[in-house]
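[1] Generate coordinates for the sequence data below:
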Amino acid sequence: MSGNRLRAAVTGFDGLDVPHPGIAVARALREGWSGPVEIHALGYDALMTGAWMHGAADKLHTIPKLSSGDSAMLERLVGLAGRFGVDALVPTLDLEIPVMARIADRLAAVGVQTLLPSPEAIYATGKLRLPRLCHDHQFPAPRTIHVLDIGDLTLHADQFGYPLFVKGVTAGAKRANDSAQARVAATDLNDKWGGGVLLQQVIEGEEYNVAAVVGRDGSIRSMISIRKLGTNSKGKGVVCTVVDDPDIARHARAILATLNWRGPIELEFVRPQGAKVPFLIEINCRFPSWILLSQWAGANFPVMCVEEAMGRRRARTARPKPGTSFVRDVAETAIPLERIDTLARFGTATGTPPAPRRNRLAEPEGIRVAVSGVSTFDVVNAGLGVARALRGAPGIGRLYGLGYGNYDSGLYRPELFDTTFRLAATDRTDALLGRLREIHADSPFDVIVPCLDGEIPRFIEIRGELASMGVRTLLPSRTAFDRRGKDRLFTHTDGLPIEGFAVPDTIAARSEDGILRAAGKLGFPVVLKGPISHAFAAETPAEARAAWANLREHGYTQALVQRFVEGERFAVAAVCDGAHDTVVATTIKKLRICDRGSTWSAVAVPQPALEAGFARFVKALRWTGPVEGEFIRDEVTERFYLIEVNPRFTAWIAFTALLGVNHPLAAVRCALGLPVEPAAPAEGLVFMRACEDAPLPTSAFAGIATRGVLRHA
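    Now for the predicted structure:
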């Protein structure tokens with residue numbers, strides 16, 4: 001370390017829609033360290049998406065997989081320290097913390113400092129030992145049992161009672177409302193982690209997380225408590241705020257006093273309604289993924305951790321400011337394939353520099369566009385990608401973001417939108433039209449781009465009224481929209497040209513018996529799909545029953561049972577004009593997808609035959625507007641199978657602008673009757689997406705919550 005320059009190695013830059021903490025730790029160090037900072041991102045393969053984001057890391061390095069053993073890890077880290085002068089290491093993944101703790105002394109001998117708990121302390125707080133810890137110290141905790149043999153799962157789960165959480169012994173948790181769901185969840189988690197599963201009582205109440213940094217002497221350097229304001233379908237807090245709750249803080253300190261800890265730690269709590277003492281749900285021996293919030297709250301925990309590791313303890317530590325909030329968002333970029341290849345082949349590559357600041361209104365007198373679907377609450381909506389593609393595009397002026405919920409992250413993105421508005425959260429078409437009239441009177445716009453499946457029929461219904469207001473759209477007919485629906489598309493393909501690809505055999509069913517009969521005809525494995533969204537793979541009758549139960553919980557009375565196709569995933573995005581001709585098309589191969597199938601990394605791979613076949617297909621549908629076909633290329637026959645047709649832009653659509661074939665711009669021009677110039681996509685670029693938190697100012701939230709409008713410009 002020279003002067004106050006810091007060279008810090010940080011792990012954990014992946015995790016997709018359930019982000020690892022590495023990018024938050026790196027951002028916090030860069031924003032809070034009082035001197036130059038050089039971030040070295042460490043990962044287990046070249047596609048660590050978070051590390052490739054703009055300004056996240058100066059260097060990227062691959063490290064050995066944990067199964068290679070402590071010696072291999074030590075050798076690699078010592079080599080990096082000698083080559084790059086690394087001063088400190090901040091590991092952020094549960095599985096690697098014990099490894100790093102075991103080699104911490106040998107890293108210190110070569111100048112790499114850490115602040116980590118002992119292996120014994122880590123063991124004592126693991127998921128399998130946590131129930132004993134709580135029992136011994138009388139800490140309230142949910143009833144939890146360990147089921148080692150998955151064959152005994154149903155017996156234990158039925159005795160335990162539903163609903164319950166099924167947890168992996170290392171990571172992962174799924175809520176189960178019956179035995180079929182419990183069996184599927186247990187099988188998945190045991191296959192991933194081994195060691196059986198944990199069954200845990202569901203405690204209803206407010207959720208809190210507490211993060212702390214414990215010094216080498218065992219003293220708590222600082223502690224921050226947050227309350228989850230919004231949790232997604234995976235139970236992850238995507239909107240949280242710092243709280244000053246004496247009962248939560250007192251209980252957390254009591255727990256920490258028993259642990260013989262040092263380093264970062266996170267405690268997860270649930271407090272039932274009316275209770276003072278919370279239930280301890282989990283202990284994580286690392287920073288949480290939301291830890292960048294500590295920087296905004298005035299008490300930067302990653303900086304505090306590195307200072308403590310390097311013997312630079314501050315005389316006085318700031319207390320986190322209550323009321324500081326964040327909303328989980330995403331960042332996207334495109335990386336040259338050769339840089340990823342360099343990292344894969346040589347183990348080190350240069351990071352992505354900070355994005356240049358651009359004038360948000362490149363053409364103030366240009367086309368004014370309103371875009372809906374701007375949330376990342378549960379899934380990444382396409383409106384964010386549309387806005388990224390249009391911001392700064394030639395001929396585009398002001399952009400307006402339209403959201404349905406107070407926590408839609410895009411509403412708080414001044415770099416994307418000039419003004420954002422909240423729409424009425426209702427299915428009533430008259431309410432939608434009335435609100436759009438109000439918005440248009442306040443901030444006139446020329447084109448509107450709806451980006452959510454469920455709202456498109458309502459926009460189709462009111463497009464005449466929108467046109468009378470001077471607002472153009474590029475939308476299909478209701479007939480075309482209905483025909484491409486899964487319940488029609490895969491069971492009534494007669495008359496549609498199927499050239500260059502195939503459609504998997506599909507049977508519609510409306511009961512559990514019908515599901516099993518259909519699966520028997522098709523042969524396992526199968527995929528059960530809801531008519532609008534959600535899909536679950538099933539390899540056995542038990543899994544098919546659980547998948548049907550999941551679909552029923554989402555309100556479906558029908559399922560499509562489809563032959564399972566194994567292979568690489570592709571997608572063709574296209575825009576069709578009023579004559580139903582494809583004016584632009586782009587094909588990607590998906591490199592990383594989350595559990596719900598959303599694309600987090602992809603590479604453009606032109607497929608002329610597939611694109612031509614899909615163009616004929618959508619023309620026969622008489623499609624107008626953006627559309628996406630999702631395909632799987634069978635790993636044996638290499639034949640493409642169409643598995644989905646999405647009636648809107650896809651969430652990765654900003655990638656097309658980076659490729660030089662801007663689909664949202666093409667759609668806007670088509671809506672206005674303007675020509676679209678053909679262009680060939682750039683080659684050798686890889687799309688990357690990562691979760692990132694964004695500050696949620698109280699004034700901004702109040703503007704959306706009370707007035708339904710937030711002006712950024």
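
[2] the strands in the stretch 151-300 of the chain, which residues?
    164-168, 173-176, 197-201, 206-214, 220-231, 237-243, 263-271, 279-284 (DSSP state E, counting those that start in this stretch).

[3] By mean pLDDT, which helix or strand of the chain comes out lowest?
    Within the chain, confidence by mean pLDDT, DSSP states H and E is lowest for helix 486-489 among all helices and strands, at a mean of 80.

[4] model confidence over the helix or strand following it, on average?
    Scanning forward in sequence from helix 486-489 by DSSP states H and E, the next helix or strand is strand 506-509. Confidence over strand 506-509 (mean pLDDT, whole number) is 92.

[5] Show me the shaky parts of this structure.
    Scanning the chain with the threshold set as pLDDT under 70 gives 1-3, 315-316, 358-362, 492-494.

[6] Tell me who's in contact with Leu710.
    Neighbouring residues of Leu710 by C-beta atoms under 8 Å, 6 or more residues apart in numbering: Leu411, Tyr412, Thr419, Thr420, Phe421, Ala700, Gly703, Ile704. (C-beta placed from N, C-alpha, C; glycine too.)

[7] neighbours around Arg216, how many?
    When neighbours are counted by other C-beta atoms under 10 Å, Arg216 registers 13.

[8] Would you confirm that it contacts Arg262?
    Yes: here Arg216 reaches Arg262: they are 5.5 Å apart, a contact under C-beta atoms under 8 Å.

[9] Show me whatever sits in contact with both of the two.
    Jointly contacting Arg216 and Arg262 under the rule C-beta under 8 Å, 6+ apart are Leu115.

[10] how far is stretch 287-294 from where the chain is centred?
    How far stretch 287-294 lies from its chain's middle: 16 Å, per C-alpha atoms, centre = their mean, to the nearest Å.

[11] for stretch 256-269, same thing?
    The chain centroid and the centroid of stretch 256-269 are separated by 27 Å under C-alpha atoms, centre = their mean.

[12] again, but for stretch 388-408
    Remark: stretch 388-408 is offset 20 Å from the chain centroid, using C-alpha atoms, centre = their mean.

[13] Domain parsing of this protein, as residue ranges.
    143-201, 367-473, 481-501+566-682, 506-563 (automatic domain parsing).

[14] Helices of the stretch 101-250 of the chain, start to end?
    Ranges of helices in the stretch 101-250 of the chain, per DSSP state H, counting those that start in this stretch, are 104-108, 119-124, 130-137, 153-160, 179-193, 246-256.

[15] cool, and the stretch 351-500 of the chain?
    Along the stretch 351-500 of the chain, the stretches classed as helices by DSSP H, counting those that start in this stretch are 382-390, 429-442, 456-468, 478-483, 486-489.

[16] Can you verify Ala612 is assigned to a strand?
    No: counting by DSSP: H, G, I helix; E, B strand; the rest coil, Ala612 is located in no strand; its state is helix.

[17] circling back: ok, and what's touching the least confident helix or strand of the chain?
    Helix 486-489 is touched from outside by Asp482, Arg483, Val503, Ala508, Lys529, Gly530, Pro531, Ile532, Gln558, Leu560, Glu644, Val645, with contacts defined as C-beta under 8 Å, 6+ apart.

[18] Among the residues you listed, which one sits closest to Gln113?
    Glu644 (49.6 Å; C-beta to C-beta).

[19] residues contacting the nearest residue to that closest one once chain neighbours are set aside?
    Distance criterion C-beta to C-beta, 6 or more residues apart in numbering; nearest residue to Glu644, sequence neighbours excluded, is Glu630 at 3.9 Å. Going by C-beta under 8 Å, 6+ apart, Glu630 touches Arg569, Phe570, Ala571, Gly597, Leu642, Ile643, Glu644, Val645, Asn646.

[20] Would you show me how to pick out the buried ones of these in PyMOL?
    In PyMOL, this line selects whichever of those come out buried by 16 or more other C-beta atoms under 10 Å:
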select buried, resi 569+570+571+642+643+644+645+646
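
[21] now, which of the contacts of Glu630 lie within helices?
    Among the contacts of Glu630, DSSP state H puts none in helices.

[22] gap between whatever helix or strand Arg345 lives in and the chain center?
    Assigned by DSSP H and E, Arg345 belongs to helix 337-346. Relative to the chain's own centre, helix 337-346 is displaced by 24 Å; criterion: C-alpha atoms, centre = their mean.

[23] Can you mark which positions in it are buried?
    Neighbour counts over helix 337-346 (16+ other C-beta under 10 Å) mark Arg339, Ile340, Thr342, Leu343 as buried.

[24] ditto for stretch 392-399
    Residues of stretch 392-399 classed as buried: Ala393, Ile396, Gly397, Arg398, Leu399 (neighbour count, 16+ other C-beta under 10 Å).

[25] Looking at the residues you listed, point me to the pair that's furthest apart.
    Spanning the widest gap among the buried residues of stretch 392-399 are Ala393 and Arg398, at 12.6 Å by C-beta to C-beta.

[26] which residues sit against stretch 576-584?
    By C-beta under 8 Å, 6+ apart, the residues outside stretch 576-584 that reach it are 474, 574-575, 611, 614-615, 618-619, 621-627, 656, 661, 663, 666, 670, 676, 678-679.

[27] I'd like to know which of the residues you listed are buried.
    Buried by 16+ other C-beta under 10 Å: 474, 574-575, 611, 614-615, 618, 621, 623-627, 656, 661, 663, 666, 670, 676, out of those.

[28] In strands, which of these fall?
    Using DSSP state E, the subset of the buried ones among the contacts of stretch 576-584 located in strands is Ala574, Val575, Gly625, Pro626, Val627.

[29] Could you identify the most distant pair in these?
    Of all pairs drawn from those, the greatest distance, 9.6 Å, lies between Ala574 and Gly625 (C-beta to C-beta).

[30] still on that earlier bit, please identify the most buried of the helices of the stretch 101-250 of the chain.
    helix 179-193 (a mean of 20; mean count of other C-beta atoms under 10 Å).

[31] coming back round to it: would CSV of the contacts of helix 486-489 with distance to Gly495 be doable?
    Below are the contacts of helix 486-489 laid out as CSV (distance: C-beta to C-beta, whole Å):
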residue, distance to Gly495
Asp482, 15
Arg483, 10
Val503, 13
Ala508, 18
Lys529, 22
Gly530, 25
Pro531, 21
Ile532, 23
Gln558, 23
Leu560, 19
Glu644, 20
Val645, 15
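
[32] between those, which is nearest Phe687?
    Taking C-beta to C-beta as the measure, Phe687 lies nearest Glu644 of the contacts of helix 486-489, at 18.6 Å.

[33] check contacts around the closest one.
    Lys486, Glu628, Gly629, Glu630.
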